[in-house]
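Enquirer: sequence and computational prediction follow.
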Amino acid sequence: MNIFLEVLLIIFSIALIAVVLLQKGKSAGLSGAISGGAEHLFGKSKARGMELVLERVTIGVAAGFFILSIVVAVVQG
């Protein structure tokens, strides 16, 4: 069981890296990091098509990665 969970964790980590690298950069300097991050946080994102799909997949894979990391830590514990 433990080996299965660790292999699944490795698969999730590789998937998370791949999905993040597929996304387009949204850097706009220091001002974009401050104001743009707040707009993105409160749902004023205008992502369409593939960007929206990648964003949602990233959220799902990241959530799965975090939950699986906690499960693996508890099982080994």
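Expert: Done, it's in.
Enquirer: in the chain, which helix is the longest?
Expert: Of all segments of type helix in the chain, defined using DSSP state H, the longest is helix 50-76.
Enquirer: that one packs against which elements?
Expert: In this structure, helix 50-76 packs against helix 2-22, with contacts taken as 3 or more C-beta pairs under 8 Å, 6 or more residues apart in numbering; DSSP states H and E. Backbone N, C-alpha and C define where each C-beta goes, glycine included.
Enquirer: buried stuff in the helix it packs on?
Expert: 9, 12, 15-16, 19 (16 or more other C-beta atoms under 10 Å).
Enquirer: quick one: contacts for S13?
Expert: F65 (C-beta atoms under 8 Å, 6 or more residues apart in numbering).
Enquirer: could you check the pLDDT of the nearest residue to F65 once chain neighbours are set aside?
Expert: Distances taken as C-beta to C-beta, 6 or more residues apart in numbering place F12 nearest to F65, at 4.5 Å, with adjacent residues excluded. Model confidence at F12, given as pLDDT, is 97.
Enquirer: ok, now L54?
Expert: For L54, the model assigns a pLDDT of 93.
Enquirer: now do G77
Expert: 79.
Enquirer: next, count neighbours for it.
Expert: G77 sits with 5 neighbouring residues when counted by other C-beta atoms under 10 Å.
Enquirer: let me see the contact set for it.
Expert: G77 makes no contacts at all, as judged by C-beta under 8 Å, 6+ apart.
Enquirer: do you know how far it is from I70?
Expert: G77 sits at a distance of 10 Å from I70 (criterion: C-beta to C-beta, to the nearest Å).
Enquirer: how about K26?
Expert: In this structure, K26 lies at 29 Å from I70, with C-beta to C-beta as the measure.
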